[in-house]
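Asker: This is the structure alone, sequence omitted:
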């Protein structure tokens, strides 16, 4: 299973083959995750930093995937090994934890799960936190040496319309009404909106499998003979939450556009705004001849460069 419940984790908290990764992080304040970890974390949990450990220096997008070998070496140094059952947890409904789950899963680690409900569910159950930093010995973590189930910007440009592109960001970012961090507000043409937050129930836990499957199928994911699914978000983090939802729902694994919207807009490719996907394929950084930069033909409204001073920060990567 891709999820582990609070009760199950509590029962196994002292198992020697258990390793817990605390991946709390905030777009508004990236240092807040480590600060929260120091203030209190699930016993035995090791802090794993989204920016330093789960991403390469900014390249294609804000959170590019790191070199797989370097990633395995880094996690091994933190005490995560081949023999360990790894549990990822956060305080963001599993959004950041899903990134670590996806990375380990796609590189072949057989036992990785996300804590359903996260640290909030742990404390709500009356379970303790600790402030001591565990000192796990370094371990050997053998993973694949290349990222599978991914697509790059050029490949996506060539396949727009032939794939089902899902945007996991907040609806207002998809529509182009707000953009806290990327250069231009809007979405990649042909993308459909399926916010990752909709994968959760009111209690912050994932919806039951039938409900997740129905939600995903409502936009065309999992249809027999349908288009391949490509997931995107702001920087390749929240999209992994939709990938986790698809796994829970029993649907075929999707492909991740790791650079996502931040990579797309940094390349100067056209975007669409409004509630509709848009129908235009962008073939080059300048868009098809005759198109205005940053605007997809047929889009309801022109996307404008984002003025950071006018938009409040958001915790949605």
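Answerer: That came in fine, so what should we check first? What you see is a predicted model; the values in this text were computed from it and never measured.

Asker: Please make it C-alpha for all contacts and neighbour counts, starting now.
Answerer: Fine.

Asker: Give me the number of neighbouring residues for the closest residue to residue 112 other than its chain neighbours.
Answerer: Leaving aside its sequence neighbours, residue 112 sits nearest to residue 86 (C-alpha to C-alpha, 6 or more residues apart in numbering; 4.7 Å). Residues near residue 86, counting by other C-alpha atoms under 10 Å, number 23.

Asker: Also residue 277?
Answerer: Using other C-alpha under 10 Å, the number of residues around residue 277 comes to 23.

Asker: Please tell me how far it sits from residue 227.
Answerer: Distance, residue 277 to residue 227, by C-alpha to C-alpha, to the nearest Å: 15 Å.

Asker: So which residues of the stretch 201-317 of the chain form helices?
Answerer: Remark: helices assigned in the stretch 201-317 of the chain by DSSP state H, counting those that start in this stretch are 209-217, 239-249, 260-266.

Asker: Quick check: mean pLDDT of the longest one?
Answerer: This points to helix 239-249. For helix 239-249, the mean pLDDT works out to 98.

Asker: where exactly do the strands run in the stretch 1-150 of the chain?
Answerer: 3-4, 18-22, 45-47, 85-89, 112-115 (DSSP state E, counting those that start in this stretch).

Asker: that older thread, may I have the beta-bridge partners of the residue nearest to residue 112?
Answerer: Per DSSP bridges, the residues bridged to residue 86 are residue 19, residue 112.

Asker: residues making contact with stretch 204-219?
Answerer: Here stretch 204-219 makes contact (C-alpha atoms under 8 Å, 6 or more residues apart in numbering) with 93, 116-117, 121, 192, 194, 199-201, 222-223, 245-246, 248-251.

Asker: Can you give me the first-to-last residue distance of that stretch?
Answerer: End-to-end for stretch 204-219, by C-alpha to C-alpha: 22 Å.

Asker: So for that stretch, what gets flagged as buried?
Answerer: 204-207, 212-213, 215-216 (16 or more other C-alpha atoms under 10 Å).

Asker: For stretch 6-19, list every residue counted as buried.
Answerer: So for stretch 6-19, counting by 16+ other C-alpha under 10 Å, buried means 6, 9, 13, 18-19.

Asker: For the residue nearest to the spatial centre of the chain, list the residues it contacts.
Answerer: For the chain, the residue sitting closest to the mean C-alpha position, by C-alpha atoms, centre = their mean, is residue 237 at 2.3 Å. Counting by C-alpha under 8 Å, 6+ apart, residue 237 makes contact with 63, 95-96, 98-99, 258, 317.

Asker: What subset of these is buried?
Answerer: 63, 95-96, 98-99, 258, 317.

Asker: circling back to that earlier point, which of the helices of the stretch 201-317 of the chain sits closest to residue 131?
Answerer: Within those, the stretch nearest residue 131 is helix 239-249; the backing value is 27.9 Å (C-alpha to C-alpha).

Asker: And the residue nearest to the centre of the chain, how close does it get to residue 2?
Answerer: 17 Å.

Asker: same deal with residue 54?
Answerer: 19 Å.

Asker: Looking at these two, which has the bigger crowd around it?
Answerer: residue 54 (23 against 18).

Asker: Contacts only, for the more buried one.
Answerer: With contacts taken as C-alpha under 8 Å, 6+ apart, residue 54 has the following neighbours: 48, 63, 65-66, 71, 99-100.

Asker: Top of those residues by number of neighbours, please.
Answerer: residue 100 (27 neighbours).

Asker: how about the helices in the stretch 51-200 of the chain?
Answerer: Here the stretch 51-200 of the chain has its helices, by DSSP H, counting those that start in this stretch, at 68-77, 95-106, 118-124, 153-159, 171-175.

Asker: hey, which of these is tucked in deepest?
Answerer: Counting by mean count of other C-alpha atoms under 10 Å, helix 95-106 has the highest mean neighbour count of the helices of the stretch 51-200 of the chain, with a mean of 25.

Asker: Check what pLDDT residue 287 gets.
Answerer: With respect to pLDDT, residue 287 scores 38.

Asker: next one: residue 309
Answerer: In this model, residue 309 is scored at 26, pLDDT.

Asker: just the one 4 residues further on next, same as before
Answerer: Reading off the per-residue confidence, residue 313 sits at a pLDDT of 29.

Asker: shaky segments in the stretch 1-150 of the chain?
Answerer: Across the stretch 1-150 of the chain, not a single residue meets the criterion (pLDDT under 70).

Asker: one step back: for the residue nearest to residue 112, give me its contacts.
Answerer: Counting by C-alpha under 8 Å, 6+ apart, residue 86 makes contact with 18-21, 80, 111-113.

Asker: Let's see that with 10 Å instead.
Answerer: Going by C-alpha atoms under 10 Å, 6 or more residues apart in numbering, residue 86 touches 17-21, 80, 100-101, 104, 109-114.

Asker: Repeat that for residue 97.
Answerer: 21-25, 48, 50, 87-91, 113-116, 118, 237-238, 240-241, 244.

Asker: do the same with residue 77
Answerer: Residue 77 neighbours (C-alpha under 10 Å, 6+ apart): 71, 136-141.
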